[in-house]
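1. here is my input, please return the structure:
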Amino acid sequence: MKLQKVLSALVAAFMVALLIVVASATSSAQEPKQNDGEDQTNLDTQLYLIVATNQSVAEEKLPTSLDPVLKQLRATLPFKNYRLAATLLNRVKNEGRLDLSWIGAPLISAQSEVSPLTPSFSSFKIRVVKLAKNSAGETVVQMAGFNFGARFPIQTMSIAAANAVLVINYENTGLQTDISIREGEPVIVGTLNVGPSGDAIILVVSAKRTSR
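-> As a prediction, this is how the structure comes out:
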(Lines give C-alpha, C1' and ligand atoms only; values in the text may rest on other atoms or scores of the structure.)
Protein backbone atom coordinates (compact mmCIF):
# COMPACT_ATOMS: atom_id res chain seq x y z
CA MET A 1 0.00 0.00 0.00
CA LYS A 2 2.83 2.33 0.89
CA LEU A 3 4.60 1.49 -2.42
CA GLN A 4 1.42 2.30 -4.33
CA LYS A 5 1.25 5.76 -2.71
CA VAL A 6 4.86 6.45 -3.64
CA LEU A 7 4.27 5.43 -7.24
CA SER A 8 1.14 7.60 -7.42
CA ALA A 9 3.12 10.59 -6.10
CA LEU A 10 5.87 10.04 -8.66
CA VAL A 11 3.36 9.83 -11.51
CA ALA A 12 1.65 13.00 -10.35
CA ALA A 13 4.99 14.83 -10.13
CA PHE A 14 5.91 13.63 -13.60
CA MET A 15 2.61 14.86 -15.06
CA VAL A 16 3.06 18.29 -13.45
CA ALA A 17 6.60 18.56 -14.85
CA LEU A 18 5.38 17.52 -18.30
CA LEU A 19 2.64 20.18 -18.26
CA ILE A 20 5.19 22.86 -17.31
CA VAL A 21 7.50 21.85 -20.21
CA VAL A 22 4.62 21.86 -22.72
CA ALA A 23 3.37 25.25 -21.54
CA SER A 24 6.86 26.72 -21.75
CA ALA A 25 7.37 25.39 -25.29
CA THR A 26 4.00 26.76 -26.41
CA SER A 27 4.77 30.19 -24.96
CA SER A 28 8.17 30.28 -26.69
CA ALA A 29 6.61 29.34 -30.02
CA GLN A 30 4.09 32.17 -29.73
CA GLU A 31 6.68 34.84 -28.94
CA PRO A 32 8.05 36.70 -32.01
CA LYS A 33 11.67 36.02 -32.84
CA GLN A 34 14.06 38.80 -31.90
CA ASN A 35 16.54 40.18 -34.44
CA ASP A 36 18.95 41.59 -31.89
CA GLY A 37 21.86 39.92 -33.69
CA GLU A 38 21.01 41.29 -37.14
CA ASP A 39 23.48 43.78 -38.57
CA GLN A 40 21.78 47.16 -38.94
CA THR A 41 24.84 48.98 -40.32
CA ASN A 42 24.22 51.23 -43.34
CA LEU A 43 26.75 52.66 -45.77
CA ASP A 44 26.61 55.85 -47.80
CA THR A 45 28.02 55.32 -51.30
CA GLN A 46 29.03 58.10 -53.68
CA LEU A 47 29.59 57.65 -57.40
CA TYR A 48 31.25 60.54 -59.23
CA LEU A 49 31.16 60.78 -63.03
CA ILE A 50 34.07 62.93 -64.20
CA VAL A 51 34.39 63.91 -67.86
CA ALA A 52 37.93 64.43 -69.14
CA THR A 53 38.47 66.38 -72.36
CA ASN A 54 41.12 68.10 -74.46
CA GLN A 55 38.62 70.59 -75.84
CA SER A 56 38.81 74.27 -75.01
CA VAL A 57 36.22 74.50 -72.26
CA ALA A 58 36.02 76.50 -69.07
CA GLU A 59 37.86 74.90 -66.17
CA GLU A 60 35.48 73.75 -63.44
CA LYS A 61 36.26 73.42 -59.75
CA LEU A 62 35.81 69.89 -58.47
CA PRO A 63 34.83 69.17 -54.84
CA THR A 64 37.78 69.34 -52.45
CA SER A 65 37.16 65.70 -51.48
CA LEU A 66 38.30 64.78 -54.99
CA ASP A 67 41.62 66.67 -54.81
CA PRO A 68 43.70 63.46 -54.38
CA VAL A 69 41.85 61.90 -57.32
CA LEU A 70 42.35 64.97 -59.51
CA LYS A 71 46.07 65.00 -58.68
CA GLN A 72 46.33 61.37 -59.74
CA LEU A 73 44.41 62.02 -62.95
CA ARG A 74 46.63 64.93 -63.98
CA ALA A 75 49.71 62.79 -63.36
CA THR A 76 48.53 59.80 -65.39
CA LEU A 77 46.07 60.96 -68.07
CA PRO A 78 46.91 63.53 -70.79
CA PHE A 79 43.70 65.57 -70.64
CA LYS A 80 43.53 69.33 -70.39
CA ASN A 81 40.31 69.71 -68.45
CA TYR A 82 38.15 67.75 -66.03
CA ARG A 83 34.57 68.47 -65.05
CA LEU A 84 32.12 66.77 -62.72
CA ALA A 85 29.17 65.50 -64.77
CA ALA A 86 27.19 63.86 -61.96
CA THR A 87 27.31 62.88 -58.30
CA LEU A 88 25.13 60.03 -57.04
CA LEU A 89 24.64 59.52 -53.31
CA ASN A 90 22.92 56.34 -52.17
CA ARG A 91 22.47 54.49 -48.89
CA VAL A 92 22.71 50.71 -48.75
CA LYS A 93 22.57 48.21 -45.90
CA ASN A 94 25.75 46.31 -45.07
CA GLU A 95 25.76 43.14 -47.21
CA GLY A 96 22.94 44.66 -49.28
CA ARG A 97 22.67 45.46 -52.98
CA LEU A 98 22.33 48.66 -54.99
CA ASP A 99 20.52 49.06 -58.30
CA LEU A 100 19.50 52.33 -59.96
CA SER A 101 18.92 53.78 -63.41
CA TRP A 102 18.44 57.37 -64.51
CA ILE A 103 18.04 59.71 -67.46
CA GLY A 104 20.19 62.82 -67.67
CA ALA A 105 21.81 65.36 -69.92
CA PRO A 106 24.43 64.12 -72.41
CA LEU A 107 27.59 63.15 -70.51
CA ILE A 108 30.03 64.17 -73.21
CA SER A 109 30.95 67.85 -73.42
CA ALA A 110 31.13 67.62 -77.20
CA GLN A 111 27.41 66.87 -77.16
CA SER A 112 26.43 70.04 -75.31
CA GLU A 113 24.27 71.14 -78.21
CA VAL A 114 22.34 67.90 -78.40
CA SER A 115 18.60 68.40 -77.93
CA PRO A 116 17.14 67.65 -74.47
CA LEU A 117 15.04 65.10 -76.36
CA THR A 118 18.20 63.00 -76.77
CA PRO A 119 19.45 62.49 -73.19
CA SER A 120 21.88 59.93 -71.84
CA PHE A 121 20.59 56.74 -70.19
CA SER A 122 22.73 55.38 -67.35
CA SER A 123 22.65 52.58 -64.78
CA PHE A 124 24.69 51.79 -61.67
CA LYS A 125 24.55 48.44 -59.89
CA ILE A 126 26.44 46.66 -57.12
CA ARG A 127 25.51 43.05 -56.40
CA VAL A 128 26.80 43.09 -52.80
CA VAL A 129 28.24 45.92 -50.67
CA LYS A 130 29.81 44.85 -47.39
CA LEU A 131 32.37 45.80 -44.76
CA ALA A 132 35.42 43.56 -44.38
CA LYS A 133 39.01 43.53 -43.13
CA ASN A 134 42.06 43.42 -45.39
CA SER A 135 45.32 41.60 -44.65
CA ALA A 136 46.56 44.62 -42.67
CA GLY A 137 43.48 44.60 -40.46
CA GLU A 138 42.09 47.80 -42.01
CA THR A 139 38.37 48.24 -42.65
CA VAL A 140 37.55 48.08 -46.36
CA VAL A 141 34.34 48.15 -48.35
CA GLN A 142 33.96 45.28 -50.79
CA MET A 143 31.83 45.88 -53.89
CA ALA A 144 31.06 42.65 -55.71
CA GLY A 145 29.50 43.02 -59.14
CA PHE A 146 30.21 46.76 -59.53
CA ASN A 147 28.54 47.65 -62.83
CA PHE A 148 28.17 50.98 -64.63
CA GLY A 149 26.58 51.34 -68.04
CA ALA A 150 25.49 54.25 -70.23
CA ARG A 151 23.89 54.92 -73.60
CA PHE A 152 24.77 58.36 -74.94
CA PRO A 153 23.90 60.24 -78.14
CA ILE A 154 26.50 60.82 -80.87
CA GLN A 155 25.94 63.42 -83.58
CA THR A 156 26.63 62.47 -87.18
CA MET A 157 25.84 64.21 -90.47
CA SER A 158 23.94 62.61 -93.31
CA ILE A 159 23.87 64.13 -96.81
CA ALA A 160 20.50 63.67 -98.45
CA ALA A 161 19.43 65.55 -101.59
CA ALA A 162 22.28 68.05 -101.16
CA ASN A 163 21.07 68.90 -97.65
CA ALA A 164 22.96 68.12 -94.47
CA VAL A 165 20.77 66.28 -91.97
CA LEU A 166 21.71 65.89 -88.33
CA VAL A 167 21.56 62.27 -87.22
CA ILE A 168 21.70 61.11 -83.61
CA ASN A 169 22.95 57.59 -82.86
CA TYR A 170 23.09 56.02 -79.40
CA GLU A 171 26.26 54.20 -78.39
CA ASN A 172 26.77 51.90 -75.40
CA THR A 173 29.63 51.96 -72.94
CA GLY A 174 30.16 50.38 -69.56
CA LEU A 175 32.37 48.73 -66.98
CA GLN A 176 31.97 45.72 -64.67
CA THR A 177 34.38 44.64 -61.95
CA ASP A 178 34.81 43.50 -58.32
CA ILE A 179 36.71 45.92 -56.07
CA SER A 180 37.67 46.61 -52.47
CA ILE A 181 38.22 50.20 -51.34
CA ARG A 182 39.28 51.86 -48.09
CA GLU A 183 36.37 53.23 -46.14
CA GLY A 184 35.73 56.91 -46.91
CA GLU A 185 38.48 57.20 -49.55
CA PRO A 186 37.50 58.15 -53.15
CA VAL A 187 38.99 55.67 -55.63
CA ILE A 188 39.21 55.66 -59.42
CA VAL A 189 37.40 52.55 -60.62
CA GLY A 190 37.90 52.92 -64.37
CA THR A 191 38.11 55.12 -67.45
CA LEU A 192 35.82 54.87 -70.47
CA ASN A 193 36.83 56.51 -73.74
CA VAL A 194 33.72 57.84 -75.45
CA GLY A 195 32.77 59.95 -78.45
CA PRO A 196 34.65 60.94 -81.60
CA SER A 197 36.35 63.83 -79.79
CA GLY A 198 38.34 61.45 -77.58
CA ASP A 199 36.66 62.48 -74.34
CA ALA A 200 36.61 60.05 -71.41
CA ILE A 201 34.28 59.27 -68.54
CA ILE A 202 36.13 58.54 -65.30
CA LEU A 203 34.32 56.60 -62.59
CA VAL A 204 35.20 57.44 -58.98
CA VAL A 205 33.52 55.76 -56.02
CA SER A 206 33.66 56.02 -52.23
CA ALA A 207 31.73 54.47 -49.35
CA LYS A 208 31.60 54.84 -45.59
CA ARG A 209 29.46 53.86 -42.66
CA THR A 210 26.70 56.32 -41.88
CA SER A 211 26.46 57.80 -38.40
CA ARG A 212 22.64 57.78 -38.40
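
2. quick one, strands of the chain?
-> 42-53, 81-93, 96-104, 120-133, 139-160, 163-182, 187-194, 199-209 (DSSP state E).

3. those: which one's closest to residue 74?
-> With respect to residue 74, and counting by CB to CB, the nearest of those is strand 81-93 at 8.0 Å. From N, CA and C alone the C-beta is placed, and that goes for glycine too.

4. report the buried residues of the closest one.
-> Residues of strand 81-93 classed as buried: 81, 82, 83, 85, 86, 90, 92 (neighbour count, 16 or more other CB atoms under 10 Å).

5. for residue 57, see how far away the residue lying closest to residue 141 once chain neighbours are set aside is.
-> In space, not counting the residues next to it along the chain, residue 141 is nearest to residue 207; the distance is 4.3 Å by CB to CB, 6 or more residues apart in numbering. According to CB to CB, to the nearest Å, residue 207 and residue 57 sit 30 Å apart.

6. neighbours around the nearest residue to residue 125 once chain neighbours are set aside, how many?
-> Closest residue to residue 125 apart from its sequence neighbours, by CB to CB, 6+ apart: residue 147 at 4.4 Å. Close neighbours of residue 147, defined as other CB atoms under 10 Å, add up to 16.

7. from here on, call the first residue 20.
-> Shifting the count to begin at 20 puts that one at residue 166.

8. quick check: bridge partners of residue 166?
-> residue 144, residue 195 (DSSP bridges).

9. quick one, what contacts it?
-> The contact partners of residue 166, taken as CB atoms under 8 Å, 6 or more residues apart in numbering, are 142, 143, 144, 145, 146, 193, 194, 195.

10. with respect to residue 202, which of those is nearest?
-> Using CB to CB, residue 145 is the member of those that sits closest to residue 202, with 15.2 Å.

11. now do the closest one, the pLDDT please.
-> Note on residue 145: pLDDT of 96.

12. residue 161 is in contact with that one, correct?
-> No: contact criterion CB atoms under 8 Å: residue 145 and residue 161 do not qualify, at 9.7 Å.

13. neighbour count winner among these two?
-> Between residue 145 and residue 161, residue 145 has the larger neighbour count (other CB under 10 Å), namely 26 against 18.

14. from residue 75, how far off is that one?
-> Applying CB to CB, the value for residue 145 to residue 75 is 36 Å.

15. for residue 158, same thing?
-> 43 Å.

16. the more surrounded of those two?
-> In this view residue 158 and residue 75 are compared by other CB under 10 Å, and residue 158 has more residues nearby, 13 against 7.

17. partner residues bridging the more buried one?
-> Beta bridges link residue 158 to residue 152 when assigned by DSSP bridges.

18. what domains does the record give for this structure?
-> 20-50, 61-228 (automatic domain parsing).
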